[in-house]
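[1] My questions are about this predicted structure, shown below with the sequence.
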Amino acid sequence: MDTCVNLKKERTRPELLAPGGSLEKCRLAFLYGADAVYVGGKGYSLRAYARNLNGEELAAASYLSHSLGKKLYVTVNTFAREAEIDTLPSFLQYLEEIQVDGIIVSDPGVLLLAKRWSPRVPIHLSTQANTTNTLSAHFWQSCGIRRVNLARELSFAEISRIAESSSIELEVFVHGAMCMSYSGRCLLSSVLNERSANLGLCSQPCRWSYRLVEEKRPGQYFPIHEDSRGSYIFNSKDLCLLQEMGKLMSLGLHAFKIEGRMKGALYLASVVRTYRQAIDQFWDCPEAFHSREEWIHDLECVSHRPYTSRFLFPDRPGPNNETVSSAACVQTHTLAGIVRPFPGTGRFDAPPSPHDAGRPVCMEVRSRLAAGSQLEFLFPDGATLKYVLSDFQDLHGNARSVAQPNDWIQFQTTFGTFPLQVIRCPQTRGKDSR
């Protein structure tokens, strides 16, 4: 027990940083245990096809985070072109005005602008800047950077060395999709589809099928990998460091980051609550930490490619292949729906508890449901309560036997629910609804 006490005296609890692709996803991330969220505005972000937040929504997200004692970081991690240099100052000034807790940058030019136009906002460095060594961390700190998100290619030994030798805040990705290019700086999408990954427009051509053709033998295609559908030579597995969290927590890192501003509610709720529990269990007592089966099950229930932690421990025995031979995702469950307040009633900040007395549930349907559908209600503390959907009605009280996506239905449960609660069900179709 002394070990637990000493750890708390010497360090602060690491921050769990989650993606917020929309204002509602910010709410979900906080609800399921995130300490902070990172979001993009309508420009200057490397996720141009995410929902992202307009100016009013950014202000609302900042207010929401601070009212909950949480933090909001805004990505301005585009590699800016000349035209953006003229428009960025007003956006940066606005971010300071709404009191965001940090600005995430990649481009040294954007860093200079942020220091000038939002001088009171801490600046974080994106993984896109490829920080792979202690000297680079020292350099960025001397430039005014508060926190560095280390390159995803680093091994545990390299991260440990940087953590021991640096006073700057350090952040690492622990879960989500990975790019086979160097820290995500890729030109493949620009060349093949005229959509630059470095401007947030990546079309993910690394997930496409490829075959080899010799210059003097047009029409003769040779498989690079023994697969009748072609080869997926760039198609990276997904990162999952859940079972390595004990080792990472021992390094005293400041934040653990989850990838996925393009991902849906089921992914967000499942992954955030899993890593929340892992961090808290280690913090309560490192000696008792272990990865629990239900955590792994939660991560298997979301849409994902096969998981890997290979970059972290490259010398471990075992398969050395970090790509997969199919672009398809693994998915056992789908998003059944989200609990909503009945129209004109309810609040989004109702306290979640599986122990409240049962009450009518209002649900926005996201996958086709019918009488007999198996539902699983996800709670922030890790509990998952199952329910068989039998009798249900529309909001006018009319009995229904089938509900389609975007329908709103009501039914009675034997346990309490809360607005924005995520509900999943076993996957019955091939569609990836995440």
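    Here it is on my side, so go on.
[2] At which residues are the helices of the stretch 251-400 of the chain located?
    All helices of the stretch 251-400 of the chain, identified by DSSP state H, counting those that start in this stretch, fall at 265-284, 293-300.
[3] Quick one: mean pLDDT over the first one.
    Think helix 265-284. Helix 265-284 comes out with an average pLDDT of 96.
[4] quick one: buried residues of it?
    265-279, 281-283 (16 or more other C-beta atoms under 10 Å). For the C-beta atoms, the positions are set from N, CA and C on the backbone; glycine is no exception.
[5] hang on, the earlier thing: closest to residue 142 out of the helices of the stretch 251-400 of the chain?
    For the helices of the stretch 251-400 of the chain, proximity to residue 142 was assessed by C-beta to C-beta; helix 265-284 is nearest, at 30.4 Å.
[6] Give me the angle between the closest one and helix 293-300.
    Using axes from the mean of the first three to the mean of the last three C-alpha atoms, to 10 degrees, the inter-axis angle of helix 265-284 relative to helix 293-300 is 150 degrees.
[7] Low-confidence stretches in the protein?
    1-10, 45-51, 179-201, 203-212, 221-235, 310, 317-328, 345-358, 429-434 (pLDDT under 70).
[8] follow-up on the earlier one: make a markdown table from the helices of the stretch 251-400 of the chain and add distance to residue 404 to it.
    Output for those, formatted as a markdown table (distance: least, C-beta to C-beta, whole Å):
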| stretch | distance to residue 404 |
| --- | --- |
| helix 265-284 | 18 |
| helix 293-300 | 27 |
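[9] Verify the stated contact: residue 95 with residue 122.
    No - the pair residue 95 / residue 122 is not scored as a contact, 11.2 Å apart, by C-beta atoms under 8 Å.
[10] joint contacts of the two?
    residue 103 (C-beta atoms under 8 Å, 6 or more residues apart in numbering).
[11] Compare neighbour counts for the two and give me the winner.
    Between residue 95 and residue 122, residue 95 has the larger neighbour count (other C-beta atoms under 10 Å), namely 25 against 17.
[12] Can you name the next helix or strand after the helix or strand harbouring that one?
    If you go by DSSP states H and E, residue 95 is part of helix 82-97. Remark: after helix 82-97, the chain's next helix or strand is strand 102-105, criterion DSSP H and E.
[13] so what secondary structure elements neighbour that next one?
    strand 71-76, helix 108-117, strand 123-125 (3 or more C-beta pairs under 8 Å, 6 or more residues apart in numbering; DSSP states H and E).
[14] Burial-wise, tell me which of the ones you listed comes out on top.
    Stretch with highest mean neighbour count among the helices and strands packed on strand 102-105: strand 71-76 (a mean of 26; mean count of other C-beta atoms under 10 Å).
[15] Go ahead and name everything in contact with that strand.
    15, 17, 20, 26, 35-41, 44-47, 58, 61-62, 64-66, 88, 91-92, 95, 100-105, 110, 114, 124, 126.
[16] Give me the angle between that strand and helix 82-97.
    Going by the same axes, to 10 degrees, strand 71-76 makes 170 degrees with helix 82-97.
[17] Just checking: what are the partner strands of strand 71-76?
    Using DSSP bridges, the strands paired with strand 71-76 in its sheet are strand 36-40 (parallel), strand 102-105 (parallel).
[18] Can you list the neighbours in contact with the longest one?
    Strand 36-40 is contacted by residues 15-21, 25-26, 29-30, 46-47, 50, 52-53, 58, 61, 65, 70-75, 101, 104, 200, 255, 257, 261 when judged by C-beta under 8 Å, 6+ apart.
[19] one step back: looking at the helices and strands packed on strand 102-105, which is nearest to residue 175?
    strand 71-76 (17.3 Å).
[20] Restricting to C-alpha, output the closest one in CSV.
    Only the C-alpha atoms of strand 71-76 are listed here, as CSV (Å, rounded to 0.1, in the frame of the first residue of the first chain):
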residue,chain,number,x,y,z
LYS,A,71,-10.4,20.6,-20.3
LEU,A,72,-10.9,21.4,-24.0
TYR,A,73,-8.0,21.4,-26.6
VAL,A,74,-8.5,22.6,-30.1
THR,A,75,-6.5,21.1,-33.0
VAL,A,76,-4.9,23.7,-35.3
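[21] what sits against residue 339?
    Applying C-beta under 8 Å, 6+ apart to residue 339 gives the contacts 361-364, 417-421, 423.
[22] contacting residues for the nearest residue in space to it that is not next to it in sequence?
    Distances taken as C-beta to C-beta, 6 or more residues apart in numbering put residue 421 closest to residue 339, at 4.1 Å, once the chain neighbours are dropped. The contact partners of residue 421, taken as C-beta under 8 Å, 6+ apart, are 338-339, 352, 377-379.
[23] Show me what the helix holding residue 95 packs onto, helices and strands only.
    With contacts taken as 3+ C-beta pairs under 8 Å, 6+ apart, helix 82-97 sits against helix 55-67, strand 71-76, helix 108-117.
[24] close enough to count as contact, residue 416 and residue 361?
    No - if you go by C-beta under 8 Å, residue 416 and residue 361 don't touch, sitting 9.4 Å apart.
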